[in-house]
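> predicted structure and sequence below. I'll ask about it afterward.
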2 protein chains.
Amino acid sequence: MTPEATLARFREYMVGPTRFMTLLSCFELGLIDALRDKPAMSATDLGEAVGVKPDAVEQLLFLLVKEGFVGYDEASGGYMLAALAAVPERDLKRALTYMNMIKVVALRQLFHLTESARTGTLVGLKEFYGAEGTLYGAVAEHADLRESWATLMDTVTANIDPWFFGNIELPSGARVLDLAGNTGLGAVNTYRMKHVPGLRVTTFDLPEKEQECLANFRAHGVEEHCSFIGGDVFDGIPEGFDVVLIKHFLDMFDKDAVLQILNGANKSLPVGGQVDILVPVYPEDVRETTNSNVDFFPAFFIGCTMGQGGPQKLSTYRSWLEECGFEVTRAVTKNPAELPPDVIPVPAVLCATKTA
Amino acid sequence: MTPEATLARFREYMVGPTRFMTLLSCFELGLIDALRDKPAMSATDLGEAVGVKPDAVEQLLFLLVKEGFVGYDEASGGYMLAALAAVPERDLKRALTYMNMIKVVALRQLFHLTESARTGTLVGLKEFYGAEGTLYGAVAEHADLRESWATLMDTVTANIDPWFFGNIELPSGARVLDLAGNTGLGAVNTYRMKHVPGLRVTTFDLPEKEQECLANFRAHGVEEHCSFIGGDVFDGIPEGFDVVLIKHFLDMFDKDAVLQILNGANKSLPVGGQVDILVPVYPEDVRETTNSNVDFFPAFFIGCTMGQGGPQKLSTYRSWLEECGFEVTRAVTKNPAELPPDVIPVPAVLCATKTA
């Protein structure tokens, strides 16, 4: 890579924040919806429709015209949807949910990334919300964080859980513990997506989640098959289960905490018991361009959600599982080509059995 | 452009903010300097050297390894500079100056872009600094804004002024007015770079700039040839000059204000008098990829510095000049290939003569 190519790449990085917000702002201002309703509007028409000075409309749409997302007819001065006209609404909604989450949870907070990395704390979250601790605590207190975060996580869960449950096997009569199972949707999905006779699923999370979790079980009609145990993963994992599910969780922690979790799961399980893990992974060759996890998650976890953590390679998780007394029986990375092209996380499933 | 390609492009946009801060943070933490001093350091060595947990070092460097900026030796666990080793220090410093300006002046403020576009005010600047008005007022009050902004502008001026002055012609004995000339460095450069007998240059800017401006003239030994007039461009432009320079200024305003400035210049000049303009421009075909101005300036001016403005195409400035009673005698856009590849602004020179 020549110095010229390196510096050109720096320029791409430099326009990252303005590109991101220019695109999102065109949606937030209602410019795209206005053009969907009525093509061939001029900057003046659009400005009137959405309450923005035509000069600003014209400026912000330049980039979307450059990208071919929006078209512009020089002769008439009219704009129309171009590539954006062909994107199904459902796909656009998914992408915008993710973009909104990045704006609310990450954009400003990233200013403090360097200090967050130095201190292992979320300097930005404290600065903007007065919150100590992690994003997952702050979402309980702050509606804007909660809405942008929870909406995204529901989308992610809906898209990825079927693939996860299609990849794991639960024995008949299995007693399953959903580790850090939040308010029970993972347990509900486990029961619904695995048609296993006599299955029982227990959500394990902080005691304050219990009421909402039990209400969710009742709302989904699974209260006879699902239950809740309150506690903290780092204080010990309950015994009496055959299977421990660890979904969307290991990537939140540094190595020492991940080992603590896996050792805890090992201690709680009988020999032959299994863990089933869902986690985003980096490609074995990190230079692979089809996987954007390294472009996003390090800064996101360290600077915006945890003050630590980040995904690992599949081979790293495999070796950590072995280090903690498990034999890996299945390790599958989702083919990025099977994910919608706007989706950042490339997930993997790891299944492992306690050997000793 | 297929829906798939459009959504893939959205993903590129989504990772823009995290990519930007991950790269900058690796410099801010001192990881790159540490590797320059001593190659083959492991994440643990680096963590000790810069005071960051090795887990975070490893996470943040993943992206730089992906890009080929930094190399990683799987066998030894050691990192070394790869592409970054070959980039001259001067180039890297210029790019980092720009990146720091984007971080301080834009990153957080962009969160409020949509409201800034709606109101024509700098919602972010008010939110983070309690500042009313524009960035150019706020830099006087806030050291962090001033340092990041002024350092950048000095770099930009040093790189672009020689090209600008090489493109304009000043007649012998010319009396030159440098419009919005700030603290006089443009006037100093005019005098030094144009060897014209009897040249006199006057900086025109707000009265509070006078003392610093005159001090600059003395420091550069040009006080006999340069002077200062205090005033506001929008209240009228002083008469008695043959040439008005308008550098780094027109792009800060919406069309109505630009026309007011050009009409004011026309009114102040005698017939045959000239304006010489330096301004970043959009390419005539906005889809041209070698010019990143539309990726950066709309959001930057509307959301971060002015609450309005943004560059135009060269043809737009030409037609506005004609509308205001000028004949354009020269219009040259800098060849992007002649700019260092990390530099965003692609500037143009327009020279025009008052016809009536």
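Yes, it's here.
> CA only for contacts and neighbour counts going forward, please
Noted.
> which helix runs longest in chain A?
Determined from DSSP state H, the single longest helix within chain A is helix A:143-167.
> I'd like to know which elements it is packed against.
If you count contacts as 3 or more C-alpha pairs under 8 Å, 6 or more residues apart in numbering or on different chains; DSSP states H and E, helix A:143-167 packs onto helix A:89-101, helix A:135-141, helix A:185-193.
> tell me if the very next helix or strand once past the longest one is near chain B.
Toward the C-terminal end, the helix or strand that comes next after helix A:89-101 (DSSP states H and E) is helix A:113-119. Yes: Helix A:113-119 is in contact with chain B by C-alpha under 8 Å from any C-alpha of the partner chain, via A:Leu113, A:Thr114, A:Ala117, A:Arg118, A:Thr119.
> coming back round to it: okay, the helices and strands packed on helix A:143-167 in CSV with distance to B:Leu245 next?
Below are the helices and strands packed on helix A:143-167 laid out as CSV (distance: least, C-alpha to C-alpha, whole Å):
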stretch, distance to B:Leu245
helix A:89-101, 42
helix A:135-141, 51
helix A:185-193, 66
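> just these: most buried one?
Greatest average neighbour count among these goes to helix A:185-193 (a mean of 20), per mean count of other C-alpha atoms under 10 Å in any protein chain shown.
> sorry, back to before: format the helices and strands packed on helix A:143-167 as TSV; extra columns: distance to chain B.
Converted to TSV, those look like this (distance: least, C-alpha to the nearest C-alpha, whole Å):
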stretch	distance to chain B
helix A:89-101	6
helix A:135-141	17
helix A:185-193	27
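> pick out the shakiest of these, pLDDT-wise.
The weakest mean pLDDT among the helices and strands packed on helix A:143-167 belongs to helix A:135-141, with a mean of 90.
> and the two most separated of the residues of helix A:113-119 next to chain B?
Using C-alpha to C-alpha, the residues of helix A:113-119 next to chain B span at most 9.9 Å, a distance reached by A:Leu113 and A:Thr119.
> for A:Gly307, what are its contacts?
A:Ser116, A:Ala117, A:Thr119, A:Gly120, A:Thr121, A:Leu122, A:Thr134, A:Phe301 (C-alpha atoms under 8 Å, 6 or more residues apart in numbering or on different chains).
> surely it is within a helix?
No: secondary structure of A:Gly307 (DSSP: H, G, I helix; E, B strand; the rest coil): coil, not part of a helix.
> pLDDT value on it, please?
At A:Gly307, the model reports a pLDDT of 98.
> dihedrals phi and psi, it?
Per-residue torsions, A:Gly307: phi 80, psi 10 (degrees, to the nearest 10).
> mind checking how far it is from A:Phe301?
Between A:Gly307 and A:Phe301 the computed distance is 6 Å (C-alpha to C-alpha, to the nearest Å).
> hmm, A:Val139 is touching A:Arg146, no?
Yes: A:Val139 lies in contact with A:Arg146 (C-alpha atoms under 8 Å); the separation is 4.4 Å.
> quick one: secondary structure of the residue of the stretch 251-356 of chain A found nearest chain B?
When distances are taken as C-alpha to the nearest C-alpha, the stretch 251-356 of chain A reaches nearest to chain B at A:Arg287, 4.0 Å away. Here A:Arg287 is recorded as coil under three-state DSSP.
> got the contact list for it?
With C-alpha under 8 Å, 6+ apart, A:Arg287 has these contacts: B:Val65, B:Lys66, B:Glu67, B:Gly68.
> spit out the contact partners of the third one.
Meaning B:Glu67. Counted by C-alpha under 8 Å, 6+ apart, B:Glu67 has contacts A:Arg287.
> measure it to B:Glu327 for me?
Distance of B:Glu67 to B:Glu327, given as C-alpha to C-alpha: 48 Å.
> list phi and psi for A:Pro280.
Backbone geometry at A:Pro280, expressed as degrees, to the nearest 10, gives phi -70, psi 150.
> number of residues surrounding the spatially closest residue to it that is not a sequence neighbour?
Closest residue to A:Pro280 apart from its sequence neighbours, by C-alpha to C-alpha, 6 or more residues apart in numbering or on different chains: A:Pro347 at 3.8 Å. Neighbour count for A:Pro347, taken as other C-alpha atoms under 10 Å in any protein chain shown: 23.
> again with A:Val196
Around A:Val196 there are 16 residues (other C-alpha under 10 Å).
> what of A:Ala158?
Neighbours of A:Ala158 under the rule other C-alpha under 10 Å: 13.
> same check on the one 10 residues further on?
The criterion is other C-alpha under 10 Å. On that basis, A:Ile168 has 16 neighbouring residues.
> surely it meets A:Asp276?
Yes: counting by C-alpha under 8 Å, A:Ile168 touches A:Asp276, with 7.0 Å between them.
> so what sits against both of the two?
Taking C-alpha under 8 Å, 6+ apart as the contact rule, A:Ile168 and A:Asp276 both touch A:Cys351.
> from memory A:Arg94 sits against A:Thr155, does it?
Yes: in this structure, A:Arg94 is within contact of A:Thr155 by C-alpha under 8 Å, at 7.2 Å.
> and the strands in the stretch 251-356 of chain A, which stretches?
Taking DSSP state E, counting those that start in this stretch as the test, the strands found in the stretch 251-356 of chain A are A:274-282, A:312-313, A:326-333, A:347-354.
> packed most tightly, which of these would that be?
Buried most deeply of the strands of the stretch 251-356 of chain A, by mean count of other C-alpha under 10 Å, is strand A:274-282, with a mean of 25.
> how near is A:Val207 to A:Asn182?
For residue A:207 the amino acid is Pro, not Val. Distance, A:Pro207 to A:Asn182, by C-alpha to C-alpha: 10 Å.
> actually A:Lys103, sorry about that
Taking C-alpha to C-alpha as the measure, A:Lys103 falls 24 Å from A:Asn182.
> neighbour-wise, which of those two wins?
Between A:Lys103 and A:Asn182, counted using other C-alpha under 10 Å, the more crowded position is A:Lys103 (23 against 19).
> distance of that one relative to chain B?
To chain B, A:Lys103 is 7 Å away according to C-alpha to the nearest C-alpha, to the nearest Å.
> is it true that A:Leu122 touches A:Tyr136?
No: in this structure A:Leu122 lies outside contact range of A:Tyr136 using C-alpha under 8 Å: 11.6 Å.
> pull up the overlap in contacts between those two.
Taking C-alpha under 8 Å, 6+ apart as the criterion, A:Leu122 and A:Tyr136 both touch A:Thr305.
> pick the one among the contacts of A:Arg287 closest to A:His248.
Proximity of the contacts of A:Arg287 to A:His248, judged by C-alpha to C-alpha, is greatest for B:Lys66, which lies at 23.8 Å.
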